[in-house]
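S.K.: The amino acid sequence is not available; the structure is as follows:
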């Protein structure tokens, strides 16, 4: 990997599907209204970076490092986060579309998902301990052997979690969404 290093730079209205982002490390940079859809951003390191109104749909992110990265109002459809560099992996998502993405087997402790669409996202075998799903749509999301201890689902909706196949000790649910833990029993709650 190149030793290219960029710090405290703002990238605005860039199309990285046409002009390739140089391999290297980007620290404390902002990417605003940039296009990464189907782009190759593999093996790039992002540290303390902010992405706003960016489209990452189907981007190649193998071995990409995301450390303390914030995504706001971004389109992140079909991303394979499970192929990222997992060392110090840490991000926050707000108002993002993450449908059909995969976080399979990742450690995502204390990750915040706020006002996100997480339809059909794969969280199987991930560690989401102490994470927050605030006003998130989890329709079709896969939770299997997932660590959800102390995770906050109080305002999340459309999820199905099997307590027998996931660790949910001290997870937080609202009275309105508690039925999502009983779906497998096909009971009627009135």
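M.R.: Thanks, I have the structure now. Please read these numbers as outputs of a predicted model, since none were measured by experiment.

S.K.: Now the closest residue to residue 160 other than its chain neighbours, what are its backbone angles?
M.R.: Spatial nearest neighbour of residue 160, excluding adjacent residues (CB to CB, 6 or more residues apart in numbering): residue 183 at 4.7 Å. To be clear about C-beta, it is placed using only N, CA and C from the backbone, and glycine gets the same treatment. Here is the backbone geometry of residue 183 (degrees, to the nearest 10): phi -50, psi -40.

S.K.: Around residue 183, how many other residues sit close by?
M.R.: Residue neighbour count, defined by other CB atoms under 10 Å, stands at 12 for residue 183.

S.K.: what's the answer for residue 46, then?
M.R.: Other residues within reach of residue 46, judged by other CB under 10 Å, total 21.

S.K.: Figure out the helix or strand that it lives in.
M.R.: Secondary structure here is read from DSSP states H and E; on that basis residue 46 sits in strand 45-47.

S.K.: Quick one: mean pLDDT over that strand.
M.R.: In this model, strand 45-47 has a mean pLDDT of 98.

S.K.: if we can go back for a sec, per-residue pLDDT, the residue nearest to residue 160?
M.R.: Looking at residue 183, its pLDDT reads 73.

S.K.: what's the spacing between it and residue 161?
M.R.: Using CB to CB, to the nearest Å, one obtains 8 Å as the distance from residue 183 to residue 161.

S.K.: where does the protein have low pLDDT?
M.R.: Regions of the chain meeting the criterion pLDDT under 70 cover residues 1-2, 185, 187-190.

S.K.: is it true that residue 55 touches residue 71?
M.R.: No - if you go by CB atoms under 8 Å, residue 55 and residue 71 don't touch, sitting 11.2 Å apart.

S.K.: what about the strands in the protein?
M.R.: All strands of the chain, identified by DSSP state E, fall at 5-7, 10-12, 25-27, 30-32, 45-47, 50-52, 65-67, 69-72, 91-94, 112-114, 132-134.

S.K.: count of residues packed around residue 82?
M.R.: Close neighbours of residue 82, defined as other CB under 10 Å, add up to 18.

S.K.: OK, contacts around the residue nearest to it when sequence neighbours are not counted?
M.R.: Leaving out its chain neighbours, the residue that sits closest to residue 82 by CB to CB, 6+ apart is residue 104, at 4.2 Å. With contact set as CB atoms under 8 Å, 6 or more residues apart in numbering, residue 104 has these partners: 82, 122, 123, 124, 125, 126.

S.K.: try 6 Å
M.R.: Contact analysis of residue 104 by CB atoms under 6 Å, 6 or more residues apart in numbering lists 82, 122, 124.
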